[in-house]
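Peer 1: Predicted model and sequence follow; I will ask about them next.
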Amino acid sequence: MSVGWFLTFSQLYVHEVAPAHLRGVVFGVYQAQLSIGSIVGAAVDFGTHTIDGKRAYRIPLAIFFVAPTIQAIALIFFPETPRWVMVQQQEEKAEASLRQLRGSRIDEAQLQAEFNAIRVSTREQLEQNKKALFLAMWKGTNLRRTLLSIAAVCFHAANGSSWVNIYTTYYLQIAGVTNPFGFSIMVTCMGLLGVLSSLWFVRIFDRRTIMLVGVSAVGLAQLCPAIAWSIDPGSETTGKVVVAFIALFVFFYTAYAPSAWLLGGEYPNNQMRAYSFGIATALNFLGNWAGTFSAPYFINPAALGWGPRYGYIWFGSNVIVLVFIYFFLPETKDRTLEEIHEMFEAKVPARKFKGYVCVGVEEMAAKGVSKLDVLQEEKSGAAIHVESSLDDRRPGAVSK
């Protein structure tokens, strides 16, 4: 329960505080820290598994408390996200939070433009969603956003990572690896390498491109071992082929996984992000449980005895995910959450998100009465009249 709570709200925090152009990188750093934690945990278990007595479990448990203790203390000094504070209709606190997050180096005009965009967009969302939020999630433009959030997060469960992670050691034994547990740590390190490479990918490539290439690669990493096992089942050579593709699967999966989590939190609006992303995360855990629960019946020789041929099923699911991404997954790279909201409200088709020119957000930001307006008025001596109507918005255009 605590892990699910942390995974949900820590990712929501990253979504709402990171600048648009750095959101992917910050999220990649977050995922890298999780991978480093997995490696440290596996290494500690490996280093203590030969110890006799109570120290064999006391040492890992003691080390387990180090990171949460540091995090608990650090969280005291973290500001609340400006978007959440704005949803609570506390504008001064929201502006103070944004200033603390952006620091003193940001230009005042740029900060005020971002704050006004958050303010006016959030007001519009609050006006639209006056009814029970859980019901509002499934109506109007929110329905599309909720379903996309669920789909993006549940891609993790649909790619077959649950059975790959659990049965890696089993196939290492079949491959004749003398120290399968130690080798599995090396496979985990491949995951860290994939996450670190994603830090570069998210700055260069679109979200859709990363997802399309990543899902294609993990699908092939499921298919090839299945074919090899069908041709020569149970041999040491086939076992080595399976192990090689497991390593490739882990690399490509961890390289695109941050983008899937990222998209899952970018699609919902500010008011419903916690609800939508929480449901998406819960369904992803449920899907992983289903994959883990059913895997023994397909793999174990005493049951169906498919072994790696189980990958045929997951190859098929990855093909479905690939088609869904191509036709239905909108592009959000370098977009603010307010721009994403505008595009969904304008009902922009998924494959036109990338070229859509958002004018509503900039217009709303310019119309928001800010401290900068007051300073300019004092300097010029001119009266500044600002229209705050949310209805007076020009529609966006799609660049060619």
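Peer 2: Cool, the structure landed.
Peer 1: in the stretch 51-200 of the chain, which spans are strands?
Peer 2: Under the criterion DSSP state E, counting those that start in this stretch, the stretch 51-200 of the chain contains no strands.
Peer 1: show me where pLDDT drops low in it?
Peer 2: 128-132, 175 (pLDDT under 70).
Peer 1: those helices in it, which residues are they?
Peer 2: Using DSSP state H, counting those that start in this stretch, the helices of the stretch 51-200 of the chain run over 55-64, 66-75, 82-87, 91-102, 108-128, 133-136, 140-158, 161-174, 180-204.
Peer 1: which stretch among those comes nearest residue 231?
Peer 2: helix 161-174 (15.1 Å; C-beta to C-beta). Any C-beta I mention is one placed from the backbone N, CA and C, and that applies to glycine too.
Peer 1: Could you check the angle the closest one makes with helix 180-204?
Peer 2: 140 degrees (axes from the mean of the first three to the mean of the last three C-alpha atoms, to 10 degrees).
Peer 1: what's helix 161-174 packed up against?
Peer 2: helix 180-204, helix 236-266, helix 273-299 (3 or more C-beta pairs under 8 Å, 6 or more residues apart in numbering; DSSP states H and E).
Peer 1: which residues touch residue 188?
Peer 2: 35, 38-39, 42, 250 (C-beta atoms under 8 Å, 6 or more residues apart in numbering).
Peer 1: Now do the same contact list for the residue nearest to residue 42 when sequence neighbours are not counted.
Peer 2: Nearest residue to residue 42, sequence neighbours excluded (C-beta to C-beta, 6 or more residues apart in numbering): residue 185, at 4.9 Å. Residues near residue 185 by C-beta under 8 Å, 6+ apart: 39, 42-43, 46.
Peer 1: Phi first, then psi, for residue 356.
Peer 2: phi -70, psi 130 (degrees, to the nearest 10).
Peer 1: so which of the helices of the stretch 51-200 of the chain is the most packed in?
Peer 2: Of all those, helix 82-87 has the most neighbours on average by mean count of other C-beta atoms under 10 Å, namely a mean of 24.
Peer 1: Enumerate residues external to that helix that contact any of its residues.
Peer 2: Applying C-beta under 8 Å, 6+ apart, the set of residues contacting helix 82-87 is 16-17, 93-95, 97-98, 101, 115, 118-119, 122, 125-126, 270-271, 337.
Peer 1: thinking again about what came up before, please identify the one among the helices and strands packed on helix 161-174 that comes closest to residue 171.
Peer 2: helix 236-266 (4.8 Å).
Peer 1: Taking helix 180-204 as reference, get the angle to that closest one.
Peer 2: Using the same axes, to 10 degrees: helix 236-266 against helix 180-204 is 40 degrees.
Peer 1: What residues of helix 236-266 count as buried?
Peer 2: 238-243, 245-266 (16 or more other C-beta atoms under 10 Å).
Peer 1: Now that helix: average pLDDT?
Peer 2: The average pLDDT within helix 236-266 is 90.
Peer 1: elements contacting that helix?
Peer 2: helix 2-17, helix 23-48, helix 140-158, helix 161-174, helix 180-204, helix 207-231, helix 273-299.
Peer 1: Distance to residue 72 added to those helices, as a markdown table?
Peer 2: Listed next are those as a markdown table, based on distance: least, C-beta to C-beta, whole Å:
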| stretch | distance to residue 72 |
| --- | --- |
| helix 2-17 | 11 |
| helix 23-48 | 15 |
| helix 140-158 | 26 |
| helix 161-174 | 28 |
| helix 180-204 | 24 |
| helix 207-231 | 32 |
| helix 273-299 | 21 |
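Peer 1: between these, which gets nearest to residue 319?
Peer 2: That would be helix 207-231 among those, by C-beta to C-beta, at 6.3 Å.
Peer 1: Run the angle between the closest one and helix 236-266 for me.
Peer 2: Going by the same axes, to 10 degrees, helix 207-231 makes 160 degrees with helix 236-266.
Peer 1: next one: helix 207-231 to chain centre, how far?
Peer 2: Its chain's average C-alpha position is 20 Å from that of helix 207-231, according to C-alpha atoms, centre = their mean, to the nearest Å.
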